[in-house]
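In: what follows is a predicted structure for the sequence shown.
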Amino acid sequence: MRLGVRMVLGAAAAALLAACSGPAADKSAGKEGGAPADAGVVNLYTARHYDSDTQIYEAFTKKTGIKVRRIEAPGPQLIERMKAEGDASPADVLVVADGGVMGLAAEAGLLQPNPSAEVKRLVDGHLRDERDLWAAVSRRARVIAYDSTKVKPEEVDTYEELASPRFKGKLCVRNADNPYNLSLLSALIERWGPEKALTWAKAVVANMARAPQGGDIDQIKAVGAGQCEVAITNSYYYLRLVANGDEVTKKVLLAWPSIDGRGAHVNVSGAGIAKNAPNRDNAVKFIEFMLSPEAQAIFANVTNEFPVVKGTRMPERVAAFADRPADPLPVSRYGARQGEAQRVFEEAGWR
Amino acid sequence: MSVLEARDLTRRYGEMTTVADAGLSLEGGRITALLGPSGCGKSTLLRMIAGLERPDAGEVWAGGRLLSGPGVFVPPEQRDIGFVFQDYALFPHLSVEKNVAFGLAALKPAERKARTMEQLGRVRMADRRGDYPQALSGGEQQRVALARTLARQPAVVLLDEPFSGLDGRLKAEVREATLAALRASGAAALIVTHDAEEAMMMADDLALMRAGRILQTGTARDCYLDPASPEAARLLGDTVELRAERANGQAVTAFGRLPAQGEGPVLVVARPEAFRIAPADSAGAVDAQVTRVSFGGPFVLADVTAGGQCAVARIPLAQAPAVGERLRLRLEPSFCKVFEAR
Amino acid sequence: MTPAARPLARPGLRIEPLTVAAAIAAALALLPLVAVVVTALGPGADSLKWPTFWRYAATSAALAGMVAVGAGVLGTLAAWLVVMHRFPGRDLFAWALVLPLAAPAFAMAYGYADLFDVAGPIRTALRSALGADVPLETRSLPGAAMVLSLAFYPYVYLTLRAALVNQSVTALEAARSLGRTANGAFWAVTLPMARPAIAAGMALAVMETLADYGAVSFLGVQTLTTGVVRAWSVFGSTPEAARLALPLLGAAAVLMFVERLSRRNRMADTGAARWRPLPTQQLGPVGASLAILFCFGLIALGLLAPAGWLVWRGLTVEPETARLVASGIRALGLAIIAGVVTTALAAALALGAGQRRLLARAASLGYATPGAVMAVGLLAPAGFLWRGFHGAAEGVGVALALLILAYAARLMAAALEPVDAGLERVTPSMVRAARSLGQTATGAAMKVELPIARGALLTAALLVFIDVLKELPATLILRPFGFDTLAVMADYYAKDERLAQASWPSLAIVLIALPAVVWLTHRVGASRPGAPI
C-alpha cells in the first residue's frame, strides 16, 4: 500500500477510536460537586429519542457520578439485539416508548424484577408489570386534534365518532405500522372485541381524507391547512406545537375522547432492568432517578409528556390535560393483542 | 475538368501549423496517392476535404461548387464525398448488410436492398451480410467499409491509410480488390499512405507531402525520376546525394559528370540504380572501390567510394561485385537530378 | 524465490496468496447473503401473508421501473447536451451535474416532502391563488419515483458520459460522411453504440432504488425493503425479513447480469487511429438557453432545492454543534475505512478471481441488497461472536468490524466496476512479461497490475466513501454503543418529526460528500485511453 494511503487509513482509525471514546460517554463527564468520580457506568438500551432524555442522563451523572452509555434504536430492534447477545448482553436498562413493546420484552424473558420499593411506591399498579419486570416512567395519550372552526367538541368525545359518516373524507391519521396506532387498536380490541374493532377500523379507513402518510404533526398541520377536520395524534406532539407558539394551535384544538366512558387511550414509556445486567445496582438507581421529581418535571417540560408520579411540577399546557380520565387498562395488554391488531389493520385496508 | 480541387488549405492548432498552403486536384476515374511520413498532415488534409474539419485558410471546390472557403462551409453529410477510415469505423450495433445500407436512407426500400446486395457482391461479402462487425477479420471489415462508402456512388472517395492494418499477402490481395472496385466505380479516389512503394504501384497520380506542405504532384514516374526537390526525392525511395561544383556547363562529382548550367555548388540527387557498371574504356566512367555488399534478392547494394565521395549502388545480381573489388562505374543521367545547393 | 506450487486435482489451480485473498474477499461478501437465504428458508415467517408480499413486490417493481425510466431519460439528455454540444457554462455543468450524488436520498425526501406538504409553502401559495388544493403529494409512489429519479440520474449521466468520451470518433464521422447530420449521426450511431452504458447506468439506479430505505420509508411507500425493515423492527421477525429480502436478491442477480452484459458487446479498438476529441456542436442562443435551463434545472431540483429548503428550516433552530462534529468525525472515519477496506477486497477479488468471473459476480450481488438485509444477515453470525466470546459485545472493535463488513458486502459491486475497468489497461502480455521476469502471480499483481490500476482504485474508494457517508439502515442496526453517524442523527430527528433539526446533519453529509463527488467526477471525466494514469 502506498504510504499516503497508509497515512490516511491510520488517521481515520485514530479519529474513529478517539470519537468512539468521546461523546458516547457524552457531556455527562463527572464535574466538581462532590459526586464520586468513578461510580461506574450504566448501559442503557433505549428506544426513546428526545432531548429530555439527554438532560435526564446529564442530571443523573451529575448527581451520582455514574456514566450513562446508551444505544438508541427502535424497540423491537433492541429486543432482537438483546436476544442475539444472549447472556453476554451488556444491557443494564431497557427503556421503550410503547407499552406493547415493553410487554414483548418481558415475554421474551429479557428483563428481571426490579427490587426497588421506591418504584412500587411511586408508580400505580396498572402502570407497571405485575412481576415488577418494568415500570412506566412517563405517559402520553392518543387523542384527537380537531378544527375548532368546523367541529364541535361534543362531536369528538368518543373514539367511535371517528367512524361516523360525519367525518367522511375528513380524517387524517398516520400509517398502521406505527406502534402508537398498533397499541391504540390493541386497546380497542381488548375493550370492544375484535369484530367491533374491525368495523371501526374499516369505517375510519373510509373516512380518510388521504392515504396514511407522514407523522402525527403532519396530520395536525393537515387539519390546519384544511385538508381534513380531525386527526388522531399523540398528546405531546400537539403540546409541542403549543410550546413553540405555533400558529396552527389557535385553530386546531385537542379533544379528549373516551373509550366506553372510561377515559382516553393512554400509552407509556417504560423502563426495566435487563436480565443479565452487569451493573444492576446502577440500573436500579437509574430507574429510580427517572421517577424523581426532577426527571419527571423534565419529561413534562421538555417533551410535553404526562408524568406518572403525582405532584410533579408541570407547565400549564401539560397540566391542562394531565389529570383527565385515562382508560385504566393495564398497559401490558397492548403487547398481547398486537398480532391481532396487525391483522385487523390489514383486513380493514389501513395501510 | 477536375472533380475536386483543394487550394492553399491551411490548418493550425495553436502554435503548430499542421497543414500549410496545400493544394491538389483530383480527376474522375483516376487514383491519386497522398504520400508522406507520419505526422505530416495528410490525414488532416483529407479531413478538411471531407468537411470533417474546417480549414483556417484556403478553399475546397468540388464539381464547380465551393465546399469550404471564406464564409462558406458545407457540412460533410451534404458533400458528395465518401470516406473510408483507417479503423474502418463499422457500426458494431448493425449487421454487415445494415452497415452497407446505412448511407442509402434516402432510397426506397427495394432499391436500397438491391444496391446493398450489389455492393456486397462486388466485395464478395454477400454471404456474410447477416454477421456483425465483431465477427469479421480485418480484411473483411475493410471490404465492408469500402462497400458501404461506394454504395452511395460518390464522385470522390477518400481513403485514410486503408491497408495499414493488414500485412503480407492479405495486404496485396485487399489492395488489388480495393483498386478494382474504385476504378469500377469511376470516382476520383485519394488514398493516404506512408508507404512509397505501395503509392507508386497503385496510383495514377502522386501528391507528395511533408511537414504540412505539398512538395510535388504528378504521375508516379514523373515524381520518381524528376523530383521537385531533394525532399520530394527522398520520399519516394532511397537517394544518394553528392555535392558537386559546376564548371563549363557541367556538374562534376567523383562518380561522373552531369549537364548543369550556371555556377556555384550544387547537390546531385541520384537513385541507387543510377550507378551502372561500365565497360573499362567507356568515357566518363570512374574507378570505384567496393567496401561492403548487402544481398537484396534480385540485386545487391554495394557501398562504393570514389574520389572522396561515397555512394550506395544498386547492382543487378548477375553483376554483383565482391568486397574490395575495384569497379568501373558511370552515372546514368536520367536517374539523377541536379539541385541548387543551399 | 517462487513458492512451491502444489499441483492439485484440477490442473492450473495453484494456491497463491492472491487466490486466497480473493477467496476471502468473496466469502466475506457472500456471508451475509448466505445467512439471509438460510434464515429465510428456516421456520418462523408465519405472519407474512401472500397478498402483503405481492403488494410490496409490485410496489418495488413499479418504483424501480419508474426510476429506471426517469433517471434514464434525465441522465441521457444531460450527457447528450454536455458531451456533444458547446454552450456557455458547459464545462461547469459537466461536473456539476453529478452533484446530487452528494445528497442522501432521504435528505431529498425530507426536503421535498416538507416543501410540498399540504401545509407547506408551495401548496399554501397555490391554495391562495387557485382557491383549491393541488394534490402534489410527494408522499406517494409517483412522488418517491420523482425524488429517486432526481437522486440517481447521475449514475446514468456518469456512465453514459464516460462511454461517450471514450468512444471512437470515427464511427460518428463515418455516419456524417454517409449522409447523416450531426444530430442524426448521434441518434443513429453514437447513442446505439452507447446503449450498453445507458443500460449499466440504469441498472445502477435501479439497484440503489431497490436498496433505499430512508427516503422510501419517510415517503410512506411500502416496498420490499421497507417491508424487510418493518418485519424486523416492528414484528421482530428475522425470518420474515429474510424472506422478503429474497426477491431483492433475485433482482440483484438479474441487474448484475444486465450490467455485465454491457461489457461484452464492445468492439476491440483497432488502435490504429489517433485519439481525437468528439466533434461538438455550437448551440445558438435559443438552444443554449434551453440547455442551460435544463442542466441548471436538474442540479437545482436534485440538490439545490431540497438542500436550500433544509437550510431554511435548519436556520430556525440551534444546531447541536458538539454532537454534529462528533457524528461527523465518526461518519468520516467509517467512510474512509470502509472505502479502503472495500477497495482492497475488490482488488483482491478482481486480481485473484481471474477467469472465474462467476465468483466476482456472485460477490457483487450485495449491491442491490438493502443495508438492512445485510445487517439482518450479519446478526446471526454476530450472535455467535457475542455469545462465544463473553464481553466481546462490549467491544467497539467487533461492532465496527461487523459494520464495515456489512458495508463491504454491500458495496463490493460498486468498487469492482471501476477496478475492473482500470485493470483492463493491463494487457495479458504485461502480466506474462512480469512472470517471465521472476514474479509470482501475486507479485505480478502487486507490482504491475495494481500500480497501473491505481487511478481506478482511487475511483473505487471514492464511490464507496460517498455511499457509506449516506448509509442508514445497516448503521442503525449494527453500530456500537452511542456511535451515531450523521445519517443516524438525521433519521433520529426525522422520526421524531423534527425536520428542522434533521436538516443540520443532512446538510453536513452533503458538505462532506461534495468534494468527494467533485473529485470523483473529474477522475471519471479524465479517463481516456492514452490518458495518464
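Out: That came through, no problem.

In: and stretch B:129-147, end to end?
Out: Across stretch B:129-147, the terminal residues are separated by 12 Å (Cα to Cα, to the nearest Å).

In: typed the wrong thing, it's stretch C:40-57
Out: End-to-end distance of stretch C:40-57 (Cα to Cα): 16 Å.

In: what about that stretch, average pLDDT?
Out: Across stretch C:40-57, the average pLDDT comes to 76.

In: work out the gap between stretch B:81-88 and the centre of the chain.
Out: Averaging C-alpha coordinates over stretch B:81-88 and over its chain gives two centres that are 17 Å apart (Cα atoms, centre = their mean, to the nearest Å).

In: now do B:A211 against chain C, distance only.
Out: Counting by Cβ to the nearest Cβ, to the nearest Å, the gap from B:A211 to chain C is 17 Å. (Each C-beta comes from the backbone N, C-alpha and C, glycine too.)

In: wait, that residue sits on B:A22?
Out: No. Taking contacts as Cβ atoms under 8 Å, B:A211 lies outside contact range of B:A22: 10.8 Å.

In: more neighbours: these two, which one.
Out: Taking other Cβ atoms under 10 Å in any protein chain shown, B:A211 and B:A22 do not tie; B:A22 has more neighbours (26 against 15).

In: what pLDDT does the more buried one get?
Out: pLDDT for B:A22: 92.

In: for B:C310, same thing?
Out: B:C310 is assigned 90 on the pLDDT scale.

In: name the residues of the helix or strand hosting it that are buried.
Out: Element membership of B:C310, judged by DSSP states H and E, is strand B:309-316. By neighbour count, with 16 or more other Cβ atoms under 10 Å in any protein chain shown as the criterion, the buried positions of strand B:309-316 are B:309, B:311-315.

In: just to revisit the earlier point, quick check: neighbours shared by B:A211 and B:A22?
Out: B:G41 (Cβ atoms under 8 Å, 6 or more residues apart in numbering or on different chains).

In: A:E340 is in contact with A:S186, isn't it?
Out: Yes. A contact is recorded between A:E340 and A:S186 when judged using Cβ under 8 Å, the distance being 7.4 Å.

In: could you report the neighbour count for the residue of chain B found nearest chain C?
Out: When distances are taken as Cβ to the nearest Cβ, chain B reaches nearest to chain C at B:G103, 3.3 Å away. Here the number of neighbours of B:G103 (other Cβ under 10 Å) works out to 26.

In: OK, contacts around the residue of chain B positioned farthest from its centre?
Out: When distances are taken from the C-alpha mean of chain B, B:D281 lies farthest, 41.0 Å away, according to Cα atoms, centre = their mean. Under the criterion of Cβ under 8 Å, 6+ apart, the contact list for B:D281 is empty.

In: mind listing what's buried in the helix or strand harbouring C:A22?
Out: Secondary-structure element containing C:A22, defined by DSSP H and E: helix C:17-41. Using 16+ other Cβ under 10 Å as the burial criterion, the residues of helix C:17-41 that qualify are C:17-19, C:21-23, C:25-26, C:28-33, C:35-37, C:39-40.

In: could you identify the helix or strand that succeeds that helix?
Out: Sequence order places helix C:50-84 as the next helix or strand after helix C:17-41, per DSSP H and E.

In: quick one: that following helix near chain B?
Out: No. Counting by Cβ under 8 Å from any Cβ of the partner chain, no contacts exist between helix C:50-84 and chain B, the nearest distance being 14.9 Å.

In: which helices and strands does that helix pack with?
Out: Contacts defined by 3 or more Cβ pairs under 8 Å, 6 or more residues apart in numbering or on different chains; DSSP states H and E place helix C:50-84 against helix C:90-96, helix C:141-166, helix C:191-211, helix C:224-233, helix C:238-264, helix C:285-299.

In: hmm, the longest helix belonging to chain B touching chain C?
Out: The longest helix of chain B (DSSP state H) is helix B:168-185. No. Applying Cβ under 8 Å from any Cβ, one finds helix B:168-185 separated from chain C by no less than 13.9 Å.

In: quick one: the helix holding C:A22 to helix C:238-264, angle?
Out: Angle of helix C:17-41 versus helix C:238-264, following axes from the mean of the first three to the mean of the last three Cα atoms, to 10 degrees, is 140 degrees.

In: mind jotting down where the helices sit in the stretch 1-150 of chain A?
Out: Counting by DSSP state H, counting those that start in this stretch, the stretch 1-150 of chain A has these helices, from start to end: A:3-21, A:51-64, A:75-85, A:99-107, A:117-122.

In: what secondary structure does the residue farthest from the centre of chain B sit in?
Out: Applying DSSP: H, G, I helix; E, B strand; the rest coil to B:D281 yields a three-state assignment of coil.

In: how close does it sit to B:R330?
Out: Using Cβ to Cβ, to the nearest Å, one gets 12 Å for the distance from B:D281 to B:R330.

In: how much space between A:V318 and C:E497?
Out: To C:E497, A:V318 is 18 Å away according to Cβ to Cβ.
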